[in-house]
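S.K.: the amino acid sequence is not available; the structure is as follows:
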């Protein structure tokens, strides 16, 4: 069972590629600084921390484990300097709201873990997907014959789960989702029946899968999507 990238998928972008992207961004900022319409804004001085963020994202994309600390450091430093520049140095005024947001995210994550109540043996299984995107995005592809379910979370971010090469042994499997100011997409094989049982507030659950007629040839596997979407959206498609 392989819940990670398909071995036949293209390799991750190289560090040189991300460096090239960073150089292009710097060039665009310099170009804007020299255009009459934008003169006086000083884009290079204000937005140069984007270069650190791009390089940090590139380092994380090359990391195959949780040891890509260098990427996190670059992203954090870039975000700090960017906020500092955008607020003209009055970054201290943002600490209070940022602490409140961080506390809220922590409370939500703890509550989700308790409410979902995934059995430890299931959570530890390679056939179960657990994916969390906070101010970021995740993309997972399942290739195997015994998919057992998933818990997917997106807070100010997004997730994508591709099940088109997966199979179920159990007649019914559940995926629990939580989306807050973000979005998610789940892709399933055409032979699966999908039931949406989630709730949405200023958002929506959208089932775009192909529904086969009942009777002969009806789907033998059933995927149930539960959870909540707040100020965002979740799409299930083939």
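M.R.: Okay, I see it. Note that the structure is a prediction, hence the values are computed from the model and not measured. Numbering: from 1, shown residues only.

S.K.: can you give me the distance of residue 195 to residue 168?
M.R.: 14 Å (CB to CB, to the nearest Å). Glycine gets a C-beta too; all of them are placed from N, C-alpha and C.

S.K.: these two: which is more packed in?
M.R.: Legend: neighbour count by other CB atoms under 10 Å for residue 195 and residue 168, higher for residue 168 (20 against 13).

S.K.: what pLDDT does the more buried one get?
M.R.: Looking at residue 168, its pLDDT is 83.

S.K.: any weak-confidence spans in the chain?
M.R.: Counting by pLDDT under 70, the low-confidence segments of the chain come to 1-15, 17-18, 37-40, 60-69, 89-96, 98, 212-220.

S.K.: tell me where it has strands.
M.R.: Using DSSP state E, the strands of the chain run over 128-134, 137-144, 149-155, 158-166, 172-180, 183-187, 192-196, 199-201, 204-207, 221-230, 233-237.

S.K.: what's the closest non-adjacent residue to residue 211?
M.R.: Nearest residue to residue 211, sequence neighbours excluded (CB to CB, 6 or more residues apart in numbering): residue 193, at 7.9 Å.

S.K.: I'd guessed that neighbour sits against residue 224; true?
M.R.: No - the criterion here is CB atoms under 8 Å, and residue 193 misses it with residue 224 at 9.4 Å.

S.K.: for the closest residue to residue 168 other than its chain neighbours, give the beta-bridge partners.
M.R.: Among residues not flanking residue 168 along the chain, residue 221 sits closest, at 4.4 Å (CB to CB, 6+ apart). As for beta bridges, residue 221 partners with residue 192 under DSSP bridges.

S.K.: residue contacts, residue 221?
M.R.: Contact analysis of residue 221 by CB atoms under 8 Å, 6 or more residues apart in numbering lists 167, 168, 171, 172, 173, 191, 192, 193.
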